[in-house]
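Q: I'll drop the sequence and a predicted model, then ask my questions.
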Amino acid sequence: MPETITLPALALTQSPGRRIFAFGVDGKDVPRFAEVFRASRKDGGTLFGYQRHEVRRHIEEIRRYVESERPMIPNAVVLAFSPKVRFEALDGYPEGPSTIGKLHIPVSDNADEAPTGWIVDGQQRLTAIREANVDQFKMFAVGFIAADEGEQREQFILVNNTRPLPKSLIYELLPGVDAELPPALAKRRMPTLLVDLLNNTPGSPLYHVVRQHTNPSGRLRDNSLIKMLENSLSDGMLYRYRLTEPAETQLEGMARLLMEYWSAVKQVWGDIWELKPRQSRLLHGAGVVSLGFLMDAIAGKHQEKGWPTSALFAEELEKMKPHCRWAAGYWEFGPSTKLQWNEVQNTSKDVQMLANHLIRIYLRLPGEAPPH
């Protein structure tokens, strides 16, 4: 029989099916039943887990404080439990908003078994307590029963949304969350779904090119690609696609169009495709967002032909190649505005100037007139 840790607890029902437990626990005991579910990818593909990496300097500071003479950590850690955890209310306790009882937490020594709990918030504190040279350190914890990993991710994002958490981690987790989110995060869910497909689908021109929390070596910043996608979803090719195509196939269809476009970009500028942003502005923030506006202009100019293919995109981008100074030369934005290629920065002013420059040149190219 597996060992069970039984702790006095207070259960509170906040909404139907949503019950949380508040209890005290020895921080040294938490690793026996709860683990950190760190964000990573299986074989470079599917994302699993959700936690950021440990910050050793912060952990050492907490550890030294725990080992001091009179330490006190009043804020509770947050734990997600599997359905194996059971709450037992005390007999005869009067009904009310909360219920006093016992929380039964199974503990297994079998390394092949899934843990009973996962640390949603407080991993640095618990790591410091585990490593501290003290016999015990009691602390408060708040726990909830999580139906699946998606619910754990949801709570992890909401708990950390107002704290300094790496944005790249939040953006990478968003595709796995179906719950209602704050407006700022909800707006970015579709772009992050597309980034996930572009960066983790074998055969995509951007396969493992986007820098994410689990892919720190990527050359293209996820935030730059998200901005490009937000612009198109707001008033570009992807906006038109959402208006005209069936909802159930929109995500895959938009991802396919984006792969067609970025395949063309890779083909036309293959000589500098592998360069990092400091060596080329092609996959730099300013370049990526500007190329997004150019994608929308190409799709808009040829919309009577249907959704553009990689061949059409490549044909149009070849016309633009002589006018682009991604890795050498000067951009001539006007009679009095001339910038060397590496002077273009990822600022609103420079991005707007570069995007307007490219669109202005494209719409003036010889050929069929744009539709009225």
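A: Ah, there it is. All values reported here derive from a predicted model rather than from experimental measurement.
Q: Give me the contacts around stretch 267-277.
A: Stretch 267-277 has contacts (Cβ atoms under 8 Å, 6 or more residues apart in numbering) with 219-221, 265-266, 279-280, 282-285, 310, 314, 317-318, 321, 324, 326-327. For the C-beta atoms, the positions are set from N, CA and C on the backbone; glycine is no exception.
Q: Secondary structure element holding the nearest residue to residue 86 once chain neighbours are set aside?
A: By the measure of Cβ to Cβ, 6 or more residues apart in numbering, the closest residue to residue 86 outside its immediate chain neighbours is residue 104, 4.6 Å from it. Assigned by DSSP states H and E, residue 104 belongs to strand 98-107.
Q: Mind checking the pLDDT average for that strand?
A: Strand 98-107 carries an average pLDDT of 92.
Q: Show me what the next helix or strand after that strand is packed against.
A: Note on strand 98-107: by DSSP H and E, the next helix or strand toward the C-terminus is strand 117-121. Packing partners of strand 117-121 (3 or more Cβ pairs under 8 Å, 6 or more residues apart in numbering; DSSP states H and E): strand 34-35, strand 77-81, helix 149-160.
Q: from the middle of its chain, how far away would the second one be?
A: Distance, stretch centre to chain centre, for strand 77-81: 21 Å (Cα atoms, centre = their mean, to the nearest Å).
Q: burial of residue 196, as a residue count?
A: 23 (other Cβ atoms under 10 Å).
Q: can you check residue 62 too?
A: 19.
Q: Quick check: which element contains residue 289?
A: Counting by DSSP H and E, residue 289 is part of helix 285-301.
Q: mind listing which of the contacts of stretch 267-277 are in helices?
A: Among these, the ones falling in helices (DSSP state H) are 265-266, 285, 310, 314, 317-318.
Q: ok, residue 9 - contacts?
A: 21-23, 87, 100-103.
Q: Roughly how far does residue 300 sit from residue 232?
A: From residue 300 across to residue 232, the span is 11 Å (Cβ to Cβ, to the nearest Å).
Q: Compare neighbour counts for these two and give me the winner.
A: With neighbours defined as other Cβ under 10 Å, residue 300 and residue 232 compare such that residue 232 has more, 25 against 15.
Q: On the three-state scheme, the more buried one is what?
A: helix (DSSP: H, G, I helix; E, B strand; the rest coil).
Q: which residue sits closest to it in space, ignoring its chain neighbours?
A: residue 238 (4.1 Å).
Q: Which helix or which strand is home to the one you found?
A: helix 237-244.
Q: For that helix, list the C-alpha coordinates in PDB.
A: Taking Å, rounded to 0.1, in the frame of the first residue of the first chain, the C-alpha atoms of helix 237-244 are listed here in PDB:
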ATOM      1  CA  MET A 237      -4.700  38.200 -45.600                       C
ATOM      2  CA  LEU A 238      -5.500  36.300 -42.400                       C
ATOM      3  CA  TYR A 239      -8.400  38.600 -41.600                       C
ATOM      4  CA  ARG A 240      -9.900  37.800 -45.000                       C
ATOM      5  CA  TYR A 241      -9.300  34.100 -44.500                       C
ATOM      6  CA  ARG A 242     -11.200  34.100 -41.200                       C
ATOM      7  CA  LEU A 243     -14.100  35.900 -42.800                       C
ATOM      8  CA  THR A 244     -14.500  33.600 -45.800                       C
END
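Q: if we can go back for a sec, show me the two of the contacts of residue 9 that sit farthest apart.
A: 22 and 102 (13.0 Å; Cβ to Cβ).
Q: Mean pLDDT per helix and strand in this protein: which one sits at the bottom?
A: strand 47-48 (a mean of 44; mean pLDDT, DSSP states H and E).
Q: Contacts made by the next helix or strand after it with the rest, please.
A: Per DSSP H and E, the first helix or strand lying C-terminal to strand 47-48 is helix 56-66. Identification of contacts with helix 56-66 by Cβ under 8 Å, 6+ apart yields 71, 73, 124-125, 127-129, 131-132, 134, 137.
Q: Run a quick neighbour tally on residue 272.
A: Other residues close to residue 272 by other Cβ under 10 Å number 15.
Q: Oh, that last question was meant for residue 12, not what I typed.
A: 15.
Q: so who does the closest residue to it other than its chain neighbours touch?
A: Take residue 12 and drop its neighbours on the chain: the residue closest to it by Cβ to Cβ, 6+ apart is residue 98, 4.7 Å away. Residue 98 sits next to 10-12 when contact means Cβ under 8 Å, 6+ apart.
Q: Could you list every helix and strand in contact with the helix holding residue 289?
A: helix 222-235, helix 237-244, helix 250-268, helix 310-320, helix 348-363.
Q: now that helix, how far from the centre of its chain.
A: In terms of Cα atoms, centre = their mean, the centre of helix 285-301 is set 23 Å apart from its chain centre.
Q: Just the buried residues of it, please?
A: For helix 285-301, a neighbour-count test (16 or more other Cβ atoms under 10 Å) marks 285-299, 301 as buried.
Q: now swap in stretch 244-263 and tell me
A: 250-251, 253-255, 257-263.
Q: With stretch 314-324 instead?
A: Buried residues in stretch 314-324 (16+ other Cβ under 10 Å): 314, 316-317, 320, 324.
Q: Just the mean pLDDT for that stretch, thanks.
A: On average, stretch 314-324 scores 96.
Q: Show me the contact partners of it.
A: 263-265, 267-269, 294, 298, 301-302, 358, 361-362, 365.
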